[in-house]
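**Q** Here's my sequence, what's the structure:
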Amino acid sequence: MKRGLLASYVAGIRDFSHGESYETIIRYFVPEFVTALLLYSVPIWIEGNFISHLKSTPTYATLGATNNLIHLLIKMAEAFSVGTLVLSGQFNGKADYKQAGQAVRDAFWTTCLLGIFVASGLYFGAYYIYYWLGVPTEIIGLGVPFLRLRAIGIFFMFIYLALVGFIRGIKNTKVPMQICVIGIGVLLLLEYLLIFGNYGFPNMGLQGSALAAVIQYFVMTLLAVIYILFYEGNRKYAVDLFSVFRSHAYILQLIKLSWPVMLDKTTLAAAYIWLLKMIAPMGSSIVATFCVVKDMERVAFAPAIAFASVITFLVSNDLGIKNWDGIKSNIKKTIFMASFCVLAILVLFSMMPETIIGLFDKKGDFTASAAFAFPILSILAFFDLLQVVLSGALRGAANVKTVMIVRLLVCGGLFVPISYTLASLPIANPVLKFVMIYASFYLCNGIMSIIYINRFRSNAWKLDVV
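**A** Below is the predicted model of the structure:
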(Lines give C-alpha, C1' and ligand atoms only; values in the text may rest on other atoms or scores of the structure.)
Protein backbone atom coordinates (compact mmCIF):
# COMPACT_ATOMS: atom_id res chain seq x y z
CA MET A 1 0.00 0.00 0.00
CA LYS A 2 1.33 3.43 -0.97
CA ARG A 3 2.20 5.87 1.77
CA GLY A 4 0.72 9.35 1.77
CA LEU A 5 2.49 11.99 -0.28
CA LEU A 6 4.04 13.82 2.69
CA ALA A 7 5.04 10.60 4.45
CA SER A 8 6.63 9.30 1.25
CA TYR A 9 8.54 12.56 0.78
CA VAL A 10 9.86 12.58 4.36
CA ALA A 11 10.90 8.94 4.08
CA GLY A 12 12.68 9.70 0.81
CA ILE A 13 14.80 12.54 2.14
CA ARG A 14 15.79 10.36 5.10
CA ASP A 15 16.60 7.35 2.92
CA PHE A 16 20.36 6.76 3.10
CA SER A 17 20.27 3.25 1.64
CA HIS A 18 19.02 4.21 -1.83
CA GLY A 19 20.21 6.81 -4.26
CA GLU A 20 23.18 9.14 -3.93
CA SER A 21 24.38 10.68 -0.69
CA TYR A 22 23.72 14.36 -0.03
CA GLU A 23 27.46 15.01 -0.28
CA THR A 24 27.62 13.48 -3.77
CA ILE A 25 24.61 15.44 -5.01
CA ILE A 26 26.11 18.69 -3.69
CA ARG A 27 29.40 17.87 -5.42
CA TYR A 28 27.53 17.59 -8.73
CA PHE A 29 25.49 20.69 -7.91
CA VAL A 30 28.25 23.24 -7.26
CA PRO A 31 29.69 23.52 -10.81
CA GLU A 32 26.19 23.51 -12.31
CA PHE A 33 25.20 26.31 -9.92
CA VAL A 34 28.21 28.43 -10.89
CA THR A 35 27.39 27.89 -14.58
CA ALA A 36 23.73 28.84 -14.04
CA LEU A 37 24.77 32.04 -12.25
CA LEU A 38 27.22 32.99 -15.01
CA LEU A 39 24.81 32.24 -17.84
CA TYR A 40 21.41 33.35 -16.55
CA SER A 41 21.83 35.69 -13.59
CA VAL A 42 25.00 37.69 -13.06
CA PRO A 43 25.26 39.28 -16.56
CA ILE A 44 21.59 40.32 -16.47
CA TRP A 45 22.00 41.94 -13.04
CA ILE A 46 25.15 43.81 -14.07
CA GLU A 47 23.59 44.90 -17.37
CA GLY A 48 20.45 46.06 -15.57
CA ASN A 49 22.54 47.99 -13.05
CA PHE A 50 24.49 49.68 -15.84
CA ILE A 51 21.27 50.73 -17.63
CA SER A 52 19.75 51.97 -14.35
CA HIS A 53 22.47 54.63 -14.17
CA LEU A 54 20.87 56.25 -17.21
CA LYS A 55 18.00 57.07 -14.81
CA SER A 56 15.27 56.30 -17.31
CA THR A 57 12.48 53.91 -16.31
CA PRO A 58 11.33 53.39 -19.96
CA THR A 59 14.92 52.47 -20.91
CA TYR A 60 15.17 49.88 -18.14
CA ALA A 61 11.70 48.56 -19.05
CA THR A 62 12.77 48.31 -22.71
CA LEU A 63 15.83 46.26 -21.74
CA GLY A 64 13.79 43.88 -19.60
CA ALA A 65 10.99 43.51 -22.14
CA THR A 66 13.45 42.77 -24.96
CA ASN A 67 15.38 40.28 -22.82
CA ASN A 68 12.15 38.29 -22.52
CA LEU A 69 12.09 37.88 -26.29
CA ILE A 70 15.82 37.13 -26.46
CA HIS A 71 15.34 34.44 -23.80
CA LEU A 72 12.75 32.74 -26.02
CA LEU A 73 15.14 32.75 -28.98
CA ILE A 74 17.98 31.40 -26.82
CA LYS A 75 15.76 28.46 -25.86
CA MET A 76 14.98 27.87 -29.54
CA ALA A 77 18.67 27.90 -30.43
CA GLU A 78 19.47 25.61 -27.48
CA ALA A 79 17.14 23.01 -28.97
CA PHE A 80 19.24 22.85 -32.15
CA SER A 81 22.34 22.74 -29.98
CA VAL A 82 20.93 19.65 -28.24
CA GLY A 83 20.08 18.08 -31.61
CA THR A 84 23.63 18.70 -32.85
CA LEU A 85 25.02 17.23 -29.61
CA VAL A 86 22.99 14.05 -29.96
CA LEU A 87 23.72 13.63 -33.67
CA SER A 88 27.47 14.20 -33.46
CA GLY A 89 27.68 12.26 -30.18
CA GLN A 90 26.16 9.18 -31.77
CA PHE A 91 28.81 9.12 -34.51
CA ASN A 92 31.57 9.97 -32.08
CA GLY A 93 30.55 7.09 -29.81
CA LYS A 94 30.84 4.70 -32.76
CA ALA A 95 34.25 6.19 -33.66
CA ASP A 96 32.78 7.30 -37.00
CA TYR A 97 34.61 10.61 -36.77
CA LYS A 98 34.19 11.83 -40.33
CA GLN A 99 30.42 11.40 -40.11
CA ALA A 100 30.48 13.46 -36.92
CA GLY A 101 32.39 16.14 -38.80
CA GLN A 102 29.82 16.12 -41.60
CA ALA A 103 27.04 16.38 -39.03
CA VAL A 104 28.46 19.60 -37.57
CA ARG A 105 28.94 21.02 -41.07
CA ASP A 106 25.26 20.46 -41.87
CA ALA A 107 24.24 21.83 -38.46
CA PHE A 108 26.36 24.91 -39.16
CA TRP A 109 24.62 25.65 -42.46
CA THR A 110 21.18 24.82 -41.07
CA THR A 111 21.59 27.21 -38.17
CA CYS A 112 23.07 29.85 -40.51
CA LEU A 113 19.88 29.75 -42.56
CA LEU A 114 17.65 29.64 -39.48
CA GLY A 115 19.65 32.46 -37.89
CA ILE A 116 19.24 34.62 -41.00
CA PHE A 117 15.50 33.93 -41.01
CA VAL A 118 15.04 34.77 -37.32
CA ALA A 119 17.35 37.80 -37.40
CA SER A 120 15.56 39.16 -40.47
CA GLY A 121 12.20 38.70 -38.76
CA LEU A 122 13.44 40.63 -35.73
CA TYR A 123 15.03 43.41 -37.79
CA PHE A 124 12.13 44.07 -40.13
CA GLY A 125 9.39 43.18 -37.66
CA ALA A 126 10.76 45.01 -34.59
CA TYR A 127 8.05 47.67 -34.57
CA TYR A 128 5.25 45.14 -35.00
CA ILE A 129 6.61 42.95 -32.19
CA TYR A 130 6.50 45.79 -29.67
CA TYR A 131 3.14 46.94 -31.06
CA TRP A 132 1.70 43.43 -30.53
CA LEU A 133 3.05 43.39 -26.99
CA GLY A 134 1.09 46.57 -26.33
CA VAL A 135 3.94 48.36 -24.56
CA PRO A 136 3.86 52.16 -24.14
CA THR A 137 4.99 54.29 -27.10
CA GLU A 138 8.21 55.38 -25.38
CA ILE A 139 9.27 51.72 -25.08
CA ILE A 140 8.49 51.17 -28.78
CA GLY A 141 10.67 54.15 -29.70
CA LEU A 142 13.57 52.85 -27.63
CA GLY A 143 13.03 49.20 -28.42
CA VAL A 144 12.92 49.17 -32.23
CA PRO A 145 16.55 50.29 -32.85
CA PHE A 146 17.71 48.24 -29.84
CA LEU A 147 16.10 45.02 -31.13
CA ARG A 148 17.33 45.61 -34.68
CA LEU A 149 20.91 45.76 -33.47
CA ARG A 150 20.41 42.75 -31.17
CA ALA A 151 19.12 40.79 -34.19
CA ILE A 152 22.66 40.66 -35.59
CA GLY A 153 23.84 39.07 -32.34
CA ILE A 154 20.99 36.54 -32.52
CA PHE A 155 22.31 35.37 -35.90
CA PHE A 156 25.72 34.61 -34.37
CA MET A 157 24.09 33.07 -31.28
CA PHE A 158 22.33 30.38 -33.37
CA ILE A 159 25.60 29.43 -35.07
CA TYR A 160 27.57 29.47 -31.80
CA LEU A 161 25.16 27.18 -29.95
CA ALA A 162 25.18 24.65 -32.80
CA LEU A 163 28.98 24.58 -32.77
CA VAL A 164 29.01 24.18 -29.00
CA GLY A 165 26.57 21.28 -29.37
CA PHE A 166 29.18 19.51 -31.50
CA ILE A 167 31.96 20.25 -29.01
CA ARG A 168 29.88 18.80 -26.17
CA GLY A 169 28.89 15.87 -28.38
CA ILE A 170 32.56 14.86 -28.69
CA LYS A 171 32.74 14.84 -24.88
CA ASN A 172 34.42 18.17 -24.29
CA THR A 173 32.67 20.30 -21.68
CA LYS A 174 35.72 22.33 -20.67
CA VAL A 175 36.10 24.35 -23.87
CA PRO A 176 32.43 25.53 -23.97
CA MET A 177 32.81 26.73 -20.37
CA GLN A 178 36.03 28.59 -21.22
CA ILE A 179 34.45 30.22 -24.28
CA CYS A 180 31.41 31.19 -22.20
CA VAL A 181 33.56 32.85 -19.53
CA ILE A 182 35.50 34.79 -22.20
CA GLY A 183 32.25 35.84 -23.87
CA ILE A 184 30.72 37.11 -20.63
CA GLY A 185 33.92 39.03 -19.89
CA VAL A 186 33.79 40.65 -23.34
CA LEU A 187 30.11 41.53 -22.87
CA LEU A 188 30.49 43.19 -19.48
CA LEU A 189 33.65 45.09 -20.47
CA LEU A 190 32.08 46.44 -23.66
CA GLU A 191 28.85 47.36 -21.87
CA TYR A 192 30.85 49.39 -19.35
CA LEU A 193 32.68 51.15 -22.18
CA LEU A 194 29.82 51.65 -24.65
CA ILE A 195 26.83 52.40 -22.41
CA PHE A 196 28.60 55.26 -20.62
CA GLY A 197 31.24 56.24 -23.20
CA ASN A 198 34.15 55.49 -20.85
CA TYR A 199 37.81 55.80 -21.93
CA GLY A 200 37.05 57.59 -25.16
CA PHE A 201 34.46 55.12 -26.47
CA PRO A 202 31.19 56.52 -27.87
CA ASN A 203 28.37 57.12 -25.36
CA MET A 204 25.69 54.86 -26.85
CA GLY A 205 23.37 54.25 -23.90
CA LEU A 206 20.98 51.36 -24.50
CA GLN A 207 22.38 50.83 -28.00
CA GLY A 208 25.79 50.21 -26.42
CA SER A 209 24.33 47.22 -24.60
CA ALA A 210 23.04 45.83 -27.91
CA LEU A 211 26.35 46.33 -29.71
CA ALA A 212 28.21 44.67 -26.83
CA ALA A 213 25.97 41.58 -27.20
CA VAL A 214 26.64 41.45 -30.96
CA ILE A 215 30.42 41.53 -30.42
CA GLN A 216 30.14 38.99 -27.58
CA TYR A 217 28.47 36.35 -29.76
CA PHE A 218 30.73 37.12 -32.72
CA VAL A 219 33.80 36.51 -30.52
CA MET A 220 32.33 33.31 -29.05
CA THR A 221 31.42 32.00 -32.52
CA LEU A 222 34.90 32.80 -33.81
CA LEU A 223 36.55 31.02 -30.87
CA ALA A 224 34.35 27.94 -31.41
CA VAL A 225 35.21 27.86 -35.13
CA ILE A 226 38.94 28.20 -34.39
CA TYR A 227 38.81 25.36 -31.86
CA ILE A 228 36.88 23.02 -34.17
CA LEU A 229 39.00 23.67 -37.25
CA PHE A 230 42.49 24.11 -35.86
CA TYR A 231 42.79 22.12 -32.62
CA GLU A 232 45.06 19.16 -33.33
CA GLY A 233 42.79 16.67 -31.54
CA ASN A 234 39.90 17.52 -33.87
CA ARG A 235 41.68 16.73 -37.13
CA LYS A 236 40.23 13.22 -37.14
CA TYR A 237 36.76 14.72 -37.67
CA ALA A 238 37.88 16.32 -40.96
CA VAL A 239 35.45 19.20 -40.41
CA ASP A 240 34.98 21.37 -43.47
CA LEU A 241 32.49 23.93 -42.26
CA PHE A 242 32.41 25.98 -45.42
CA SER A 243 31.79 23.21 -47.92
CA VAL A 244 28.24 22.88 -49.24
CA PHE A 245 26.33 19.89 -47.88
CA ARG A 246 25.45 17.18 -50.37
CA SER A 247 22.80 15.28 -48.44
CA HIS A 248 19.66 16.35 -46.62
CA ALA A 249 19.70 13.30 -44.35
CA TYR A 250 21.52 14.95 -41.44
CA ILE A 251 19.43 18.11 -41.71
CA LEU A 252 16.20 16.14 -41.47
CA GLN A 253 17.61 14.12 -38.59
CA LEU A 254 18.71 17.30 -36.82
CA ILE A 255 15.23 18.80 -37.14
CA LYS A 256 13.64 15.54 -35.94
CA LEU A 257 15.86 15.54 -32.84
CA SER A 258 15.43 19.25 -32.14
CA TRP A 259 11.72 20.02 -32.51
CA PRO A 260 10.43 18.28 -29.33
CA VAL A 261 13.17 19.96 -27.29
CA MET A 262 12.36 23.30 -28.91
CA LEU A 263 8.67 23.06 -28.01
CA ASP A 264 9.54 22.06 -24.46
CA LYS A 265 12.10 24.82 -23.92
CA THR A 266 10.18 27.61 -25.61
CA THR A 267 6.78 27.01 -24.00
CA LEU A 268 7.64 28.57 -20.63
CA ALA A 269 9.73 31.29 -22.29
CA ALA A 270 6.69 32.15 -24.44
CA ALA A 271 4.56 32.24 -21.28
CA TYR A 272 6.74 35.07 -19.97
CA ILE A 273 6.23 37.00 -23.21
CA TRP A 274 2.48 36.53 -22.87
CA LEU A 275 2.75 37.67 -19.26
CA LEU A 276 4.48 40.84 -20.46
CA LYS A 277 1.74 41.43 -23.03
CA MET A 278 -0.92 41.19 -20.30
CA ILE A 279 0.76 43.77 -18.05
CA ALA A 280 2.21 46.07 -20.75
CA PRO A 281 -0.89 48.32 -21.02
CA MET A 282 -0.42 49.30 -17.35
CA GLY A 283 2.55 51.53 -18.24
CA SER A 284 6.35 51.66 -18.14
CA SER A 285 6.58 51.53 -14.33
CA ILE A 286 4.61 48.27 -14.12
CA VAL A 287 6.64 46.80 -17.00
CA ALA A 288 9.80 47.76 -15.08
CA THR A 289 8.29 46.21 -11.93
CA PHE A 290 7.73 42.97 -13.82
CA CYS A 291 11.28 43.01 -15.19
CA VAL A 292 13.01 43.57 -11.84
CA VAL A 293 10.86 40.97 -10.03
CA LYS A 294 11.59 38.46 -12.79
CA ASP A 295 15.33 39.14 -12.65
CA MET A 296 15.39 38.81 -8.84
CA GLU A 297 13.58 35.49 -9.10
CA ARG A 298 16.02 34.37 -11.80
CA VAL A 299 18.89 34.73 -9.33
CA ALA A 300 16.91 32.97 -6.62
CA PHE A 301 16.11 30.13 -9.03
CA ALA A 302 19.71 29.51 -10.10
CA PRO A 303 19.97 26.64 -7.54
CA ALA A 304 16.77 25.07 -8.90
CA ILE A 305 18.09 25.18 -12.47
CA ALA A 306 21.34 23.62 -11.31
CA PHE A 307 19.59 20.88 -9.30
CA ALA A 308 17.31 20.17 -12.30
CA SER A 309 20.41 19.50 -14.43
CA VAL A 310 21.81 17.25 -11.70
CA ILE A 311 18.63 15.19 -11.30
CA THR A 312 18.40 14.73 -15.08
CA PHE A 313 21.91 13.27 -15.04
CA LEU A 314 21.28 11.10 -11.97
CA VAL A 315 17.98 9.67 -13.23
CA SER A 316 19.37 8.92 -16.69
CA ASN A 317 22.31 7.03 -15.17
CA ASP A 318 20.00 4.88 -13.01
CA LEU A 319 17.72 3.93 -15.91
CA GLY A 320 20.01 1.29 -17.35
CA ILE A 321 20.00 -0.76 -14.14
CA LYS A 322 16.33 0.05 -13.40
CA ASN A 323 17.18 1.42 -9.98
CA TRP A 324 13.65 2.71 -9.33
CA ASP A 325 14.08 3.21 -5.58
CA GLY A 326 17.31 5.11 -6.15
CA ILE A 327 15.65 7.36 -8.73
CA LYS A 328 12.77 8.28 -6.42
CA SER A 329 15.08 8.84 -3.47
CA ASN A 330 17.33 11.13 -5.52
CA ILE A 331 14.34 13.14 -6.73
CA LYS A 332 13.10 13.74 -3.18
CA LYS A 333 16.56 14.65 -1.90
CA THR A 334 17.07 17.04 -4.80
CA ILE A 335 13.70 18.74 -4.24
CA PHE A 336 14.56 19.11 -0.56
CA MET A 337 17.92 20.74 -1.20
CA ALA A 338 16.61 22.91 -4.05
CA SER A 339 13.74 24.11 -1.85
CA PHE A 340 16.11 25.02 0.97
CA CYS A 341 18.48 26.98 -1.29
CA VAL A 342 15.83 28.81 -3.31
CA LEU A 343 13.60 29.66 -0.37
CA ALA A 344 16.61 30.95 1.60
CA ILE A 345 17.44 33.39 -1.21
CA LEU A 346 13.80 34.42 -1.62
CA VAL A 347 13.49 35.10 2.12
CA LEU A 348 16.71 37.13 2.06
CA PHE A 349 15.49 39.22 -0.88
CA SER A 350 12.06 39.64 0.75
CA MET A 351 13.67 41.02 3.90
CA MET A 352 15.40 43.83 2.00
CA PRO A 353 13.59 44.27 -1.34
CA GLU A 354 14.11 48.04 -1.50
CA THR A 355 17.89 47.58 -1.31
CA ILE A 356 17.97 45.02 -4.13
CA ILE A 357 15.49 46.87 -6.35
CA GLY A 358 17.38 50.12 -5.77
CA LEU A 359 20.27 48.65 -7.78
CA PHE A 360 18.03 48.93 -10.86
CA ASP A 361 15.84 51.94 -10.01
CA LYS A 362 17.95 55.04 -9.44
CA LYS A 363 14.90 57.33 -9.70
CA GLY A 364 12.67 55.32 -7.35
CA ASP A 365 9.85 55.05 -9.92
CA PHE A 366 9.03 51.38 -9.38
CA THR A 367 10.81 50.42 -6.13
CA ALA A 368 7.64 50.62 -4.03
CA SER A 369 5.51 48.53 -6.38
CA ALA A 370 8.21 45.87 -6.86
CA ALA A 371 8.93 45.74 -3.11
CA PHE A 372 5.21 45.11 -2.49
CA ALA A 373 4.88 42.44 -5.20
CA PHE A 374 8.05 40.42 -4.68
CA PRO A 375 7.39 38.92 -1.20
CA ILE A 376 3.84 37.92 -2.20
CA LEU A 377 4.94 36.24 -5.41
CA SER A 378 7.84 34.56 -3.60
CA ILE A 379 5.35 32.52 -1.59
CA LEU A 380 3.95 31.05 -4.80
CA ALA A 381 7.37 30.59 -6.40
CA PHE A 382 7.68 27.15 -4.75
CA PHE A 383 5.36 25.78 -7.45
CA ASP A 384 7.79 26.91 -10.15
CA LEU A 385 10.71 25.36 -8.27
CA LEU A 386 8.86 22.07 -8.00
CA GLN A 387 7.95 21.83 -11.68
CA VAL A 388 11.50 22.75 -12.77
CA VAL A 389 13.06 19.91 -10.76
CA LEU A 390 10.35 17.36 -11.60
CA SER A 391 10.50 18.17 -15.32
CA GLY A 392 14.27 17.64 -15.17
CA ALA A 393 13.69 14.25 -13.55
CA LEU A 394 11.17 13.26 -16.22
CA ARG A 395 13.58 14.24 -18.98
CA GLY A 396 16.20 12.02 -17.39
CA ALA A 397 13.63 9.21 -17.40
CA ALA A 398 13.10 9.67 -21.16
CA ASN A 399 9.67 11.23 -20.57
CA VAL A 400 10.54 14.21 -22.77
CA LYS A 401 7.21 14.20 -24.61
CA THR A 402 5.32 14.13 -21.31
CA VAL A 403 6.98 17.36 -20.20
CA MET A 404 6.38 18.93 -23.60
CA ILE A 405 2.68 18.00 -23.73
CA VAL A 406 1.96 19.04 -20.14
CA ARG A 407 3.61 22.43 -20.62
CA LEU A 408 1.78 23.08 -23.87
CA LEU A 409 -1.62 22.09 -22.47
CA VAL A 410 -1.31 23.91 -19.14
CA CYS A 411 0.22 27.11 -20.56
CA GLY A 412 -2.04 27.25 -23.62
CA GLY A 413 -5.21 25.84 -22.08
CA LEU A 414 -5.11 27.39 -18.60
CA PHE A 415 -2.53 30.16 -18.17
CA VAL A 416 -3.39 32.10 -21.33
CA PRO A 417 -7.18 32.31 -20.74
CA ILE A 418 -6.86 32.87 -16.97
CA SER A 419 -4.28 35.65 -17.32
CA TYR A 420 -6.28 37.26 -20.15
CA THR A 421 -9.42 37.25 -18.00
CA LEU A 422 -7.55 38.82 -15.07
CA ALA A 423 -6.02 41.46 -17.37
CA SER A 424 -9.51 42.34 -18.62
CA LEU A 425 -10.94 42.94 -15.14
CA PRO A 426 -11.49 46.60 -14.13
CA ILE A 427 -9.08 46.52 -11.17
CA ALA A 428 -8.17 50.08 -10.20
CA ASN A 429 -4.88 49.26 -8.43
CA PRO A 430 -2.32 48.39 -11.16
CA VAL A 431 0.13 46.78 -8.71
CA LEU A 432 -2.55 44.46 -7.32
CA LYS A 433 -3.62 43.60 -10.86
CA PHE A 434 -0.01 42.83 -11.80
CA VAL A 435 0.39 40.53 -8.79
CA MET A 436 -2.81 38.64 -9.65
CA ILE A 437 -1.76 38.12 -13.28
CA TYR A 438 1.76 37.00 -12.32
CA ALA A 439 0.36 34.71 -9.61
CA SER A 440 -1.76 32.91 -12.22
CA PHE A 441 1.48 31.80 -13.89
CA TYR A 442 2.75 30.22 -10.67
CA LEU A 443 -0.57 28.54 -9.96
CA CYS A 444 -0.43 26.94 -13.40
CA ASN A 445 3.10 25.76 -12.57
CA GLY A 446 1.54 24.17 -9.50
CA ILE A 447 -0.86 22.26 -11.73
CA MET A 448 2.09 21.01 -13.80
CA SER A 449 3.78 19.86 -10.61
CA ILE A 450 0.70 17.92 -9.53
CA ILE A 451 0.59 16.15 -12.90
CA TYR A 452 4.29 15.28 -12.69
CA ILE A 453 3.94 13.99 -9.10
CA ASN A 454 0.98 11.81 -10.06
CA ARG A 455 2.95 10.38 -12.98
CA PHE A 456 5.80 9.35 -10.69
CA ARG A 457 3.48 7.96 -8.01
CA SER A 458 1.49 5.93 -10.55
CA ASN A 459 4.71 4.53 -12.04
CA ALA A 460 3.45 5.54 -15.50
CA TRP A 461 6.84 7.17 -16.10
CA LYS A 462 8.43 3.72 -16.34
CA LEU A 463 6.46 2.91 -19.49
CA ASP A 464 8.83 5.07 -21.54
CA VAL A 465 11.92 3.26 -20.29
CA VAL A 466 11.04 -0.36 -19.54
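**Q** who does the strand or helix carrying residue 442 touch, helix- and strand-wise?
**A** For residue 442, the element it lies in under DSSP states H and E is helix 430-457. Packing contacts for helix 430-457, counted by 3 or more C-beta pairs under 8 Å, 6 or more residues apart in numbering; DSSP states H and E, involve helix 5-13, helix 249-279, helix 284-300, helix 367-396, helix 400-410, helix 416-424. In this view, the C-beta of every residue, glycine as well, is placed from N, C-alpha and C.
**Q** List the contacts of the lowest-mean-pLDDT helix or strand in the chain.
**A** Among the helices and strands of the chain, helix 5-13 carries the lowest confidence by mean pLDDT, DSSP states H and E, at a mean of 73. Outside helix 5-13, the residues that touch it by C-beta atoms under 8 Å, 6 or more residues apart in numbering are 2, 3, 328, 329, 331, 332, 333, 335, 336, 453, 457.
**Q** Make a PyMOL selection of the buried ones in those.
**A** Buried residues within those, by 16 or more other C-beta atoms under 10 Å, are selected in PyMOL with:
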select buried, resi 328+329+331+332+333+335+336+453
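**Q** thinking again about what came up before, pull out the buried residues from the helix holding residue 442.
**A** 430-431, 433-442, 444-449, 451-453, 455-456.
**Q** what does stretch 253-261 give?
**A** 253, 254, 255, 257, 258, 260, 261.
**Q** what about residue 56, distance to residue 63?
**A** 10 Å (C-beta to C-beta, to the nearest Å).
**Q** same check, this time on residue 427
**A** 27 Å.
**Q** In terms of packing, which of those two has more residues around it?
**A** Of the pair residue 427 and residue 63, residue 63 is the one with more neighbours under other C-beta atoms under 10 Å, namely 27 against 15.
**Q** thought the more buried one was touching residue 291?
**A** Yes: using C-beta atoms under 8 Å, residue 63 makes contact with residue 291 at a distance of 7.4 Å.
**Q** Could you tell me which residues touch both of these two?
**A** Shared contacts of residue 63 and residue 291, defined by C-beta under 8 Å, 6+ apart, comprise residue 48.
**Q** Can you give me the buried ones in whatever helix or strand residue 76 lives in?
**A** Applying DSSP H and E as the criterion places residue 76 in helix 57-93. For helix 57-93, a neighbour-count test (16+ other C-beta under 10 Å) marks 57-92 as buried.
**Q** where does this structure dip in pLDDT?
**A** Low-confidence segments of the chain (pLDDT under 70): 1-3, 12, 244-247, 250, 320-321, 463-466.
**Q** Touching stretch 225-236 from outside, list them.
**A** 97, 104, 163, 166, 167, 170, 175, 179, 237, 239, 241.
**Q** And for stretch 386-402?
**A** By C-beta under 8 Å, 6+ apart, the residues outside stretch 386-402 that reach it are 260-261, 264, 301, 304-305, 307-309, 311-316, 319, 327, 331, 334-335, 338, 403, 407, 445-446, 448-449, 452-453, 455-456, 461-462, 464-465.
**Q** Same question for stretch 45-60.
**A** Contacts for stretch 45-60 (C-beta under 8 Å, 6+ apart): 63-64, 136, 138-139, 142, 187-188, 191-192, 195-196, 205-206, 209, 284-285, 288, 291-292, 295, 299, 359-363, 365-366.
**Q** Buried ones only from those, please, as a ChimeraX command.
**A** Burial among those is assessed by 16+ other C-beta under 10 Å; the matching ChimeraX selection reads:
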select :63,64,136,138,139,142,187,188,191,192,195,196,205,206,209,284,285,288,291,292,295,299,360,361,362,365,366
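**Q** Residue 329 - nearest residue in space that isn't next to it in sequence?
**A** Closest residue in space to residue 329, ignoring its immediate chain neighbours: residue 19 at 3.4 Å, by C-beta to C-beta, 6 or more residues apart in numbering.
**Q** I'd assumed residue 327 was in contact with the one you found.
**A** Yes: using C-beta under 8 Å, residue 19 is in contact with residue 327, at 7.5 Å.
**Q** which neighbours do those two share?
**A** Listed as contacting both residue 19 and residue 327 by C-beta under 8 Å, 6+ apart are residue 314.
**Q** and those two? which has more neighbours close in?
**A** Using other C-beta under 10 Å, the more surrounded residue of residue 19 and residue 327 is residue 327, with 26 against 23.
**Q** and the more buried one, what element?
**A** For residue 327, the host element (DSSP H and E) is helix 324-351.
**Q** now that helix, how far from the centre of its chain.
**A** Per C-alpha atoms, centre = their mean, to the nearest Å, the displacement of helix 324-351 from the mean C-alpha position of its chain is 19 Å.
**Q** got it, and stretch 315-324?
**A** Relative to its parent chain, stretch 315-324 has a centroid offset of 27 Å by C-alpha atoms, centre = their mean.
**Q** which residues are in contact with that stretch?
**A** Contacts for stretch 315-324 (C-beta under 8 Å, 6+ apart): 18, 326, 327, 330, 331, 393, 396, 397, 398, 462, 465, 466.
**Q** As TSV, those with distance to residue 248 would be great.
**A** Below are the contacts of stretch 315-324 laid out as TSV (distance: C-beta to C-beta, whole Å):
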residue	distance to residue 248
18	47
326	42
327	39
330	41
331	40
393	36
396	32
397	32
398	27
462	36
465	31
466	35
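**Q** Mind checking which of these are buried?
**A** For these, buried by 16+ other C-beta under 10 Å: 18, 326, 327, 330, 331, 393, 396, 397, 398, 462, 465.
**Q** biggest separation within those, which pair?
**A** 18 and 398 (20.4 Å; C-beta to C-beta).
**Q** Check which helices and strands the very next helix or strand once past the helix holding residue 76 sits against.
**A** Remark: after helix 57-93, the chain's next helix or strand is helix 97-133, criterion DSSP H and E. Packed against helix 97-133 by the contact rule (3+ C-beta pairs under 8 Å, 6+ apart) you find helix 57-93, helix 137-169, helix 249-279.
**Q** ok now do the nearest residue to residue 221 once chain neighbours are set aside, which residues does it touch?
**A** Once flanking residues are discounted, residue 221 sits nearest to residue 160: 4.3 Å by C-beta to C-beta, 6+ apart. If you count contacts by C-beta under 8 Å, 6+ apart, residue 160 has them with 217, 220, 221, 224.
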